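[1] please find the sequence and the predicted model below.
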Amino acid sequence: MNFTHAIVCPPYKNFIYGITTASLGKPDYPKALRQHQNYVKILKEFGLKITVLPPDENYPDSTFVEDTAVLIPSCAVITNPGAESRRGETKVVEKLLQGEFNTIEKIKYPGTLEGGDILEVENHFYIGISERTNQLGAEQFIEIVRNNGMTGSIISVNQGLHLKSAVSYIGNNCILIDPESITSNYFNGFTIITTEPGESYSANSISVNETVILSEGFPKTRDKVEKSGFSVRTVNVSEFRKLDGGLSCLSLRYY
Ligand code: CIR
(Lines give C-alpha, C1' and ligand atoms only; values in the text may rest on other atoms or scores of the structure.)
Protein backbone atom coordinates (compact mmCIF):
# COMPACT_ATOMS: atom_id res chain seq x y z
CA MET A 1 0.00 0.00 0.00
CA ASN A 2 1.35 3.38 -0.90
CA PHE A 3 0.99 5.91 1.87
CA THR A 4 2.18 9.49 2.07
CA HIS A 5 0.98 10.46 5.56
CA ALA A 6 0.59 9.04 9.03
CA ILE A 7 -0.86 10.32 12.28
CA VAL A 8 0.67 9.11 15.54
CA CYS A 9 0.20 9.91 19.22
CA PRO A 10 3.10 9.18 21.60
CA PRO A 11 2.12 7.49 24.86
CA TYR A 12 1.57 9.70 27.88
CA LYS A 13 3.02 8.49 31.19
CA ASN A 14 -0.36 7.12 32.34
CA PHE A 15 -0.23 4.80 29.31
CA ILE A 16 0.81 2.03 31.72
CA TYR A 17 -2.78 2.06 33.03
CA GLY A 18 -4.32 1.35 29.62
CA ILE A 19 -6.84 -1.44 29.13
CA THR A 20 -5.38 -4.91 28.91
CA THR A 21 -6.24 -8.58 28.99
CA ALA A 22 -2.62 -9.67 28.47
CA SER A 23 -0.70 -11.07 31.39
CA LEU A 24 2.67 -9.82 30.24
CA GLY A 25 3.27 -7.38 33.09
CA LYS A 26 3.16 -3.59 33.24
CA PRO A 27 4.67 -1.70 30.33
CA ASP A 28 7.91 0.18 30.92
CA TYR A 29 7.05 3.78 30.02
CA PRO A 30 10.50 5.07 29.00
CA LYS A 31 10.97 1.94 26.90
CA ALA A 32 7.55 2.43 25.29
CA LEU A 33 8.51 6.01 24.40
CA ARG A 34 11.72 4.81 22.77
CA GLN A 35 9.89 2.09 20.86
CA HIS A 36 7.36 4.65 19.67
CA GLN A 37 10.14 7.00 18.50
CA ASN A 38 11.72 4.15 16.59
CA TYR A 39 8.38 3.22 15.00
CA VAL A 40 7.94 6.82 13.83
CA LYS A 41 11.52 6.88 12.52
CA ILE A 42 10.80 3.82 10.38
CA LEU A 43 7.65 5.37 8.93
CA LYS A 44 9.66 8.49 8.10
CA GLU A 45 12.26 6.38 6.33
CA PHE A 46 9.50 5.25 4.01
CA GLY A 47 8.83 8.87 3.14
CA LEU A 48 5.68 9.37 5.20
CA LYS A 49 4.87 12.84 6.46
CA ILE A 50 4.12 12.41 10.15
CA THR A 51 1.61 14.40 12.16
CA VAL A 52 2.20 13.98 15.87
CA LEU A 53 -0.78 14.44 18.17
CA PRO A 54 0.15 15.64 21.65
CA PRO A 55 0.20 12.84 24.25
CA ASP A 56 -3.20 12.94 25.96
CA GLU A 57 -3.23 12.65 29.74
CA ASN A 58 -6.98 11.98 29.79
CA TYR A 59 -6.75 8.85 27.71
CA PRO A 60 -4.16 6.19 28.62
CA ASP A 61 -4.95 4.27 25.41
CA SER A 62 -4.76 7.25 23.07
CA THR A 63 -1.45 6.10 21.59
CA PHE A 64 -3.49 3.37 19.83
CA VAL A 65 -4.66 6.01 17.40
CA GLU A 66 -5.72 3.55 14.68
CA ASP A 67 -8.88 2.77 16.62
CA THR A 68 -10.27 6.32 16.39
CA ALA A 69 -10.74 6.66 12.63
CA VAL A 70 -10.75 4.79 9.35
CA LEU A 71 -9.30 6.73 6.45
CA ILE A 72 -10.80 5.66 3.16
CA PRO A 73 -9.55 7.61 0.19
CA SER A 74 -12.68 9.70 -0.27
CA CYS A 75 -13.46 10.41 3.38
CA ALA A 76 -12.48 10.01 7.00
CA VAL A 77 -14.76 7.90 9.17
CA ILE A 78 -14.61 8.84 12.84
CA THR A 79 -15.28 5.76 14.92
CA ASN A 80 -17.22 5.31 18.12
CA PRO A 81 -14.94 3.09 20.24
CA GLY A 82 -16.62 0.20 22.00
CA ALA A 83 -14.44 0.80 25.07
CA GLU A 84 -16.21 3.59 26.94
CA SER A 85 -12.98 4.94 28.41
CA ARG A 86 -11.74 5.54 24.86
CA ARG A 87 -14.74 7.36 23.35
CA GLY A 88 -13.35 10.84 23.95
CA GLU A 89 -10.16 10.05 22.03
CA THR A 90 -11.90 10.72 18.73
CA LYS A 91 -12.37 14.48 19.33
CA VAL A 92 -8.79 15.56 18.73
CA VAL A 93 -8.43 13.20 15.78
CA GLU A 94 -11.63 14.50 14.19
CA LYS A 95 -10.43 18.08 14.52
CA LEU A 96 -7.17 17.24 12.82
CA LEU A 97 -8.82 15.27 10.02
CA GLN A 98 -11.23 18.10 9.24
CA GLY A 99 -8.25 19.90 7.77
CA GLU A 100 -7.16 16.87 5.73
CA PHE A 101 -10.34 15.31 4.34
CA ASN A 102 -13.26 17.03 2.59
CA THR A 103 -15.81 14.62 3.97
CA ILE A 104 -16.07 13.39 7.53
CA GLU A 105 -18.49 10.61 8.45
CA LYS A 106 -19.19 9.29 11.92
CA ILE A 107 -20.21 6.01 13.51
CA LYS A 108 -23.10 6.87 15.77
CA TYR A 109 -24.20 5.38 19.07
CA PRO A 110 -25.52 2.75 19.74
CA GLY A 111 -23.26 1.63 16.91
CA THR A 112 -19.69 1.06 18.05
CA LEU A 113 -16.63 0.43 15.92
CA GLU A 114 -12.86 0.56 16.40
CA GLY A 115 -10.33 0.90 13.59
CA GLY A 116 -8.53 -2.26 14.70
CA ASP A 117 -11.54 -4.19 13.42
CA ILE A 118 -11.35 -2.79 9.90
CA LEU A 119 -9.21 -4.65 7.39
CA GLU A 120 -8.89 -2.84 4.08
CA VAL A 121 -8.12 -4.99 1.06
CA GLU A 122 -8.03 -2.82 -2.06
CA ASN A 123 -11.64 -1.62 -2.49
CA HIS A 124 -13.15 -3.99 0.04
CA PHE A 125 -13.38 -3.68 3.80
CA TYR A 126 -13.68 -6.65 6.16
CA ILE A 127 -15.29 -5.60 9.42
CA GLY A 128 -14.75 -7.67 12.54
CA ILE A 129 -17.62 -7.95 14.98
CA SER A 130 -15.78 -8.09 18.27
CA GLU A 131 -16.11 -6.98 21.85
CA ARG A 132 -15.51 -3.43 20.55
CA THR A 133 -17.33 -3.33 17.22
CA ASN A 134 -21.01 -4.23 17.12
CA GLN A 135 -23.39 -5.16 14.31
CA LEU A 136 -24.89 -1.66 14.17
CA GLY A 137 -21.48 -0.03 13.92
CA ALA A 138 -20.50 -2.46 11.18
CA GLU A 139 -23.72 -1.77 9.24
CA GLN A 140 -23.20 1.99 9.46
CA PHE A 141 -19.65 1.54 8.19
CA ILE A 142 -20.76 -0.66 5.27
CA GLU A 143 -23.32 1.98 4.29
CA ILE A 144 -20.59 4.66 4.29
CA VAL A 145 -18.18 2.63 2.15
CA ARG A 146 -21.00 1.73 -0.28
CA ASN A 147 -21.82 5.40 -0.68
CA ASN A 148 -18.18 5.86 -1.61
CA GLY A 149 -18.13 3.15 -4.28
CA MET A 150 -16.53 0.42 -2.16
CA THR A 151 -17.82 -2.71 -0.44
CA GLY A 152 -17.78 -4.23 3.03
CA SER A 153 -18.48 -7.57 4.66
CA ILE A 154 -18.57 -8.89 8.20
CA ILE A 155 -16.31 -11.38 9.97
CA SER A 156 -17.01 -12.61 13.45
CA VAL A 157 -14.05 -12.27 15.84
CA ASN A 158 -14.22 -14.97 18.48
CA GLN A 159 -10.73 -14.66 19.88
CA GLY A 160 -8.43 -11.72 20.52
CA LEU A 161 -9.16 -8.02 20.74
CA HIS A 162 -9.69 -6.96 17.14
CA LEU A 163 -9.94 -8.51 13.69
CA LYS A 164 -6.53 -7.11 12.81
CA SER A 165 -4.98 -8.65 15.91
CA ALA A 166 -5.09 -11.85 13.84
CA VAL A 167 -4.96 -10.85 10.18
CA SER A 168 -3.27 -8.34 7.88
CA TYR A 169 -3.32 -7.62 4.17
CA ILE A 170 0.31 -7.32 3.10
CA GLY A 171 -0.27 -6.49 -0.56
CA ASN A 172 0.13 -8.52 -3.74
CA ASN A 173 -3.12 -10.42 -3.04
CA CYS A 174 -1.57 -11.87 0.11
CA ILE A 175 -3.10 -12.27 3.57
CA LEU A 176 -1.01 -12.91 6.70
CA ILE A 177 -3.16 -14.73 9.23
CA ASP A 178 -2.99 -16.40 12.62
CA PRO A 179 -4.76 -19.72 11.93
CA GLU A 180 -5.29 -20.29 15.65
CA SER A 181 -7.61 -17.27 15.89
CA ILE A 182 -9.36 -17.02 12.57
CA THR A 183 -10.18 -19.28 9.65
CA SER A 184 -8.72 -18.41 6.29
CA ASN A 185 -12.02 -19.47 4.67
CA TYR A 186 -13.01 -15.82 4.73
CA PHE A 187 -10.20 -15.12 2.30
CA ASN A 188 -10.71 -17.54 -0.58
CA GLY A 189 -8.91 -16.37 -3.68
CA PHE A 190 -6.01 -14.85 -1.73
CA THR A 191 -2.55 -16.25 -1.14
CA ILE A 192 -2.50 -17.15 2.55
CA ILE A 193 0.59 -16.96 4.75
CA THR A 194 0.01 -18.38 8.22
CA THR A 195 1.95 -17.33 11.29
CA GLU A 196 4.09 -20.09 12.78
CA PRO A 197 3.10 -21.81 16.05
CA GLY A 198 3.93 -19.58 19.00
CA GLU A 199 4.16 -16.52 16.72
CA SER A 200 0.48 -15.51 16.53
CA TYR A 201 1.23 -11.94 17.54
CA SER A 202 3.12 -11.36 14.29
CA ALA A 203 -0.14 -11.57 12.30
CA ASN A 204 -0.65 -7.90 13.05
CA SER A 205 1.55 -6.07 10.58
CA ILE A 206 1.44 -3.18 8.15
CA SER A 207 2.52 -2.83 4.58
CA VAL A 208 4.08 0.51 3.79
CA ASN A 209 5.28 1.44 0.35
CA GLU A 210 6.20 -2.09 -0.76
CA THR A 211 7.68 -3.22 2.56
CA VAL A 212 6.00 -5.34 5.22
CA ILE A 213 6.66 -4.13 8.76
CA LEU A 214 6.46 -6.99 11.24
CA SER A 215 6.91 -7.14 14.99
CA GLU A 216 10.39 -8.05 16.10
CA GLY A 217 10.94 -11.47 17.63
CA PHE A 218 9.03 -13.77 15.30
CA PRO A 219 11.78 -15.17 13.04
CA LYS A 220 9.91 -18.10 11.52
CA THR A 221 7.02 -16.00 10.31
CA ARG A 222 9.43 -13.32 9.10
CA ASP A 223 11.23 -15.97 7.10
CA LYS A 224 8.00 -17.16 5.51
CA VAL A 225 6.97 -13.65 4.53
CA GLU A 226 10.41 -12.98 3.01
CA LYS A 227 10.38 -16.28 1.14
CA SER A 228 7.04 -15.24 -0.36
CA GLY A 229 8.87 -12.36 -2.02
CA PHE A 230 8.22 -9.46 0.35
CA SER A 231 10.83 -7.18 1.75
CA VAL A 232 10.48 -7.02 5.52
CA ARG A 233 11.43 -4.62 8.32
CA THR A 234 10.83 -5.39 11.95
CA VAL A 235 10.07 -3.12 14.87
CA ASN A 236 9.99 -3.85 18.57
CA VAL A 237 6.61 -3.02 20.11
CA SER A 238 6.85 -5.24 23.18
CA GLU A 239 5.60 -2.54 25.59
CA PHE A 240 2.48 -1.95 23.49
CA ARG A 241 1.81 -5.67 23.28
CA LYS A 242 1.47 -5.65 27.07
CA LEU A 243 -1.68 -3.56 26.53
CA ASP A 244 -3.05 -5.77 23.74
CA GLY A 245 -1.78 -3.39 21.08
CA GLY A 246 -0.29 -4.40 17.78
CA LEU A 247 1.95 -2.30 15.59
CA SER A 248 -0.84 -1.33 13.20
CA CYS A 249 -2.69 0.47 15.97
CA LEU A 250 0.12 2.96 16.52
CA SER A 251 -0.61 4.94 13.38
CA LEU A 252 -3.34 6.10 11.04
CA ARG A 253 -1.92 5.86 7.57
CA TYR A 254 -3.30 7.54 4.46
CA TYR A 255 -2.47 9.11 1.12
C1 CIR B 1 -7.35 -1.26 24.15
O2 CIR B 1 -7.67 -2.26 24.82
O3 CIR B 1 -8.20 -0.56 23.60
C4 CIR B 1 -5.90 -0.89 24.05
N5 CIR B 1 -5.24 -1.22 25.27
C6 CIR B 1 -5.25 -1.59 22.89
C7 CIR B 1 -5.82 -1.21 21.55
C8 CIR B 1 -5.10 -1.85 20.43
N9 CIR B 1 -5.64 -1.44 19.19
C10 CIR B 1 -5.39 -2.04 18.04
O11 CIR B 1 -4.70 -3.05 18.01
N12 CIR B 1 -5.95 -1.54 16.95
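    Yep, it's here.
[2] when you work out contacts or count neighbours from here on, use the C-alpha atoms and nothing else.
    Noted.
[3] now the residue in the stretch 1-150 of the chain that the ligand sits nearest to: how far from Ser238?
    The nearest approach of the stretch 1-150 of the chain to the ligand comes at Gly116, 3.5 Å away (CA to the nearest ligand atom). Distance, Gly116 to Ser238, by CA to CA, to the nearest Å: 18 Å.
[4] re earlier: let me know whether the residue of the stretch 1-150 of the chain closest to the ligand touches Gly160 as I believe.
    No. Under the criterion of CA atoms under 8 Å, Gly116 is not in contact with Gly160, lying 11.1 Å apart.
[5] more crowded one of these two?
    Between Gly116 and Gly160, counted using other CA atoms under 10 Å, the more crowded position is Gly116 (28 against 15).
[6] and the closest residue to Ala6 other than its chain neighbours, how many residues sit next to it?
    For Ala6, ignoring the flanking residues on the chain, the nearest one in space by CA to CA, 6 or more residues apart in numbering is Arg253 at 4.3 Å. Number of residues near Arg253 (other CA under 10 Å) recorded here: 24.
[7] surely Leu162 and Ile127 touch.
    Not Leu; residue 162 is His. No. Using CA under 8 Å as the test, His162 is too far from Ile127 to be in contact (9.6 Å).
[8] report the set of residues contacting both of those two.
    When contacts are counted by CA atoms under 8 Å, 6 or more residues apart in numbering, His162 and Ile127 are jointly contacted by Asp117.
[9] quick one, which of these two is more surrounded?
    Comparing His162 with Ile127 by neighbour count (other CA under 10 Å), the higher total belongs to Ile127, at 31 against 28.
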